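>>> Sequence below, structure please.
(chains A and B)
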Amino acid sequence: MDRIYITTPMYYVNAEPHLGHTYTTVIADTLKRYYRQQGIDAFLLTGTDEHGDKIAQAAKENGMAPQAYADRISGVFRATWDECGIDYDHFLRTTDDYHKRYVQEILQKLYDNGDIYFGEYGGFYCYGCERFYTEKELVGGKCPDHQTAPAYIKEKNYFFRMSKYQQRLIETLEAKPDLVRPERYRGEVLAFLREPLEDLSISRPKSRLDWGIPLPFDPEHVTYVWFDALLNYVSALKYKGEDVFEAYWPKANHLIAKDILKPHAIYWPTMLMAAGLPLYEHLDVHGYWVMDSGKMSKSLGNVVRPLEMKKRFGMDAFRYFLLREMVFGQDANFSFDALVNRINADLANNFGNLVSRVLAMQQRYFSGAVQPLGALRDEDIALRDKFVQAEEEMKQHMAALQFHRALESLWSAIDHANRYIVQTAPFTLFKDEAQRPRVGEILHHLLEVIRSSARLLAPFLPDTSRQLNRLLAVPAGEANSRKPWGTFFPAGHKISPPAVLFPRIEPEGEA
RNA sequence: CGCGGGGUGGAGCAGUCUGGUAGCUCGCAAGGCUCAUAACCUUGAGGUCCCGGGUUCAAAUCCCGGCCCCGCAACCA
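Numbering: from 1, shown residues only, chains lettered A, B, ... in the order given. The predicted model follows:
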């Protein structure tokens, strides 16, 4: 059986879930549902990253112990994904015992193999980034990320011999063009690797930071947060069992945003090489959501919180927007106008209204009873083929992570169905008694449209898909039926009256 | 020579990798339908696809050069 292992990053618990976290998690969930539907066994991992300086500081500011603070935020993440209906298989916390043990196991292994050595390091350290900067990297003497002057500190550190694996990593990237996707990020990584790679400092003296995993070979030091966090992708599987690990590693698709490209494209593969593990299959990198109204800011009150979006627009509508609006890999704009526009145009008008008119006619003309089908006419065949075509296109686009195009393809078929109604005009034909059997056929085809849509939408809009199947009275377990067009509904099968799937959102309704 | 993204009808965006009628949403104009969530359907107006070269039978798309805009501040995906 084919398998795929889908991961989100372990979200750093210094902030509560916002738009970015939600996007990554939603595409991960969509992919999982999609692969499952294709008969591919998919395992979805998410979780929280809880060690490090920033967390220790944030906890202090909140007057809490680091663990208590991490417990709270991690709990918010988990509750959020639960509330959003994210179908994850495991939620890892980097403070979980099994994870800590695994990190120590790997550290010991690399130490024994000579890939970790003790050295002295002096340099400009940015507390915000939790990393040292070379003078060359500083911009005007300040950290390019935080615009603050770093402190010069000198300390004994343990180093991972990352440089040793540089050549092998370059060769791997060249041999596997789809290891890092989309292309532009692979290029970025290769560009970075043209410069000599420095060894990675992987420890912090306890005197400076004690909120971390102690090194097994030197309890006076704790593990650098990235070295700790990256190993989660393996430790989670190991925790589930050696058989689970064997089943899913290395069939990993890591989903990340572009800001954490370097740890995932450079640290992580070299760590895997040193640990003697095969590399992941894909690193899938997406862009940022840019707020139309300026920066995302608490003070401006425009922070996008997933649960508020769910409450205000419905989770499926929000998912639709995220998946349809962003081109995977590129930045996209987030605005309420665009969101409302998408919901009204695509979901309420085109699709919701289509379902509504079909079910209304089915109800009014035949009391909901499905009518028998005769020979297909040209327009019926064209309609069916449009959905066959959409499904094929969706398959290609999903393989390329082109969610927006997958949905576009489906909507092209949905548009065709709206045209089909106008062209065949069942509401006119119905006035002629002799034409009523044909009206029954037309509606039968339109019910197939809805059933196909429910199936094709399932990974993207799971709740809507379920609701559609309920309206169609599709028996449990047959939602994914591939029975040929026109053979699914027996004559007399009762369909429910229409329901409003996506209410139109009036512009003045937004704050 | 810091890195990266982008410049496509009034607005917002796809399309560019794998050259071959320039597409979508909104808006605008006219018409149709009345089953439907004032939704749906048809037609129309509106485009030097940033500029200049080059390759080609053919370039928004490939190559070279140039111009302009935007991020790299953050609660960070």
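>>> Going toward the C-terminus from the helix or strand that contains A:A79, what's the next helix or strand?
For A:A79, the host element (DSSP states H and E) is helix A:66-83. Next helix or strand after helix A:66-83 toward the C-terminus (DSSP H and E): strand A:90-93.
>>> Which strands and helices lie in contact with that next one?
Applying 3 or more Cβ pairs under 8 Å, 6 or more residues apart in numbering; DSSP states H and E, one finds that strand A:90-93 contacts strand A:41-49, helix A:66-83, helix A:232-240. (Each C-beta comes from the backbone N, C-alpha and C, glycine too.)
>>> Show me what residue of the stretch 151-300 of chain A gets nearest to RNA strand B.
Closest approach between the stretch 151-300 of chain A and RNA strand B, counting by Cβ to the nearest atom of the strand: A:A257, at 1.9 Å.
>>> Can you name the residues that contact that residue?
Shown here is A:A257, whose contacts under the criterion Cβ atoms under 8 Å, 6 or more residues apart in numbering are A:P9, A:G20, A:Y23, A:T24, A:V285, A:H286, A:G287, A:Y288.
>>> Make a markdown table out of those residues and add secondary structure, pLDDT and distance to A:Y35.
Below are those laid out as a markdown table (DSSP: H, G, I helix; E, B strand; the rest coil; pLDDT from 0 to 100; distance: Cβ to Cβ, whole Å):
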| residue | secondary structure | pLDDT | distance to A:Y35 |
| --- | --- | --- | --- |
| A:P9 | strand | 93 | 20 |
| A:G20 | helix | 86 | 23 |
| A:Y23 | helix | 91 | 19 |
| A:T24 | helix | 92 | 17 |
| A:V285 | strand | 90 | 19 |
| A:H286 | strand | 89 | 18 |
| A:G287 | coil | 86 | 23 |
| A:Y288 | coil | 84 | 26 |
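>>> restrict these to those near RNA strand B?
A:P9, A:G20, A:Y23, A:T24, A:H286, A:G287, A:Y288 (Cβ under 7 Å from any atom of the strand).
>>> Could you check what's spatially nearest to the last one, not counting adjacent residues?
In this case it means A:Y288. A:D331 (4.8 Å; Cβ to Cβ, 6 or more residues apart in numbering).
>>> Which other helices and strands does the helix holding A:A79 contact?
Using 3+ Cβ pairs under 8 Å, 6+ apart, the elements in contact with helix A:66-83 are strand A:41-49, helix A:53-61, strand A:90-93, helix A:306-313.
>>> Can I get the helix or strand following the shortest one in CSV? Just the C-alpha atoms.
Following strand A:90-93 in sequence order, the next helix or strand is helix A:97-112 (DSSP H and E). Output of helix A:97-112 as CSV, limited to C-alpha atoms (Å, rounded to 0.1, in the frame of the first residue of the first chain):
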residue,chain,number,x,y,z
ASP,A,97,9.5,12.4,27.4
TYR,A,98,9.7,10.1,24.3
HIS,A,99,10.9,13.1,22.2
LYS,A,100,13.5,14.2,24.7
ARG,A,101,14.8,10.6,25.0
TYR,A,102,15.0,10.4,21.2
VAL,A,103,16.9,13.6,20.9
GLN,A,104,19.4,12.4,23.5
GLU,A,105,19.7,9.1,21.7
ILE,A,106,20.6,10.9,18.5
LEU,A,107,22.9,13.3,20.2
GLN,A,108,24.8,10.4,21.8
LYS,A,109,25.0,8.6,18.5
LEU,A,110,26.5,11.6,16.7
TYR,A,111,28.8,12.2,19.6
ASP,A,112,30.1,8.7,19.5
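>>> Check what contacts helix A:97-112 and list those residues.
For helix A:97-112, using Cβ under 8 Å, 6+ apart, the contacting residues are A:92-94, A:116, A:160, A:202, A:213-217, A:223, A:227-228, A:231-232, A:234-236, A:238-239, A:271, A:274-275.
>>> Mind doing that once more with 6 Å?
Around helix A:97-112, the neighbours that count as contacts under Cβ atoms under 6 Å, 6 or more residues apart in numbering are A:I116, A:I213, A:L215, A:P216, A:F217, A:D228, A:L231, A:S235, A:K238, A:Y239, A:A274, A:A275.
>>> Now do the contacts for A:K156.
A:E120.
>>> Which strand residues bridge it?
Beta-bridge pairing of A:K156 under DSSP bridges involves A:E120.
>>> Now for A:T464, how many residues are close by?
25 (other Cβ atoms under 10 Å).
>>> In chain A, what helix or strand scores lowest on average pLDDT?
Each helix and strand of chain A was given a mean pLDDT (mean pLDDT, DSSP states H and E); the minimum falls on strand A:131-133 at a mean of 61.
>>> Would you tell me which of the helices and strands packed on strand A:90-93 gets closest to A:E478?
The closest of the helices and strands packed on strand A:90-93 to A:E478 is strand A:41-49. By Cβ to Cβ, the value is 20.8 Å.
>>> Okay, buried residues for stretch A:103-118 please.
Of the residues in stretch A:103-118, A:V103, A:Q104, A:I106, A:L107, A:L110, A:Y111, A:D115, A:I116 count as buried by neighbour count, 16 or more other Cβ atoms under 10 Å.
>>> Just the closest of the residues you listed to A:E61, please.
So of the buried residues of stretch A:103-118, ranked by how close each gets to A:E61 (Cβ to Cβ), first place is A:V103, at 26.5 Å.
>>> Tell me the confidence at the closest one?
Predicted confidence (pLDDT) for A:V103: 95.
>>> what angle sits between the helix or strand containing A:I153 and helix A:97-112?
A:I153 is part of strand A:151-160, with elements assigned from DSSP H and E. Relative orientation of strand A:151-160 with respect to helix A:97-112: 80 degrees, computed using axes from the mean of the first three to the mean of the last three Cα atoms, to 10 degrees.
>>> if we can go back for a sec, dihedrals phi and psi, the residue of the stretch 151-300 of chain A closest to RNA strand B?
phi -100, psi 160 (degrees, to the nearest 10).
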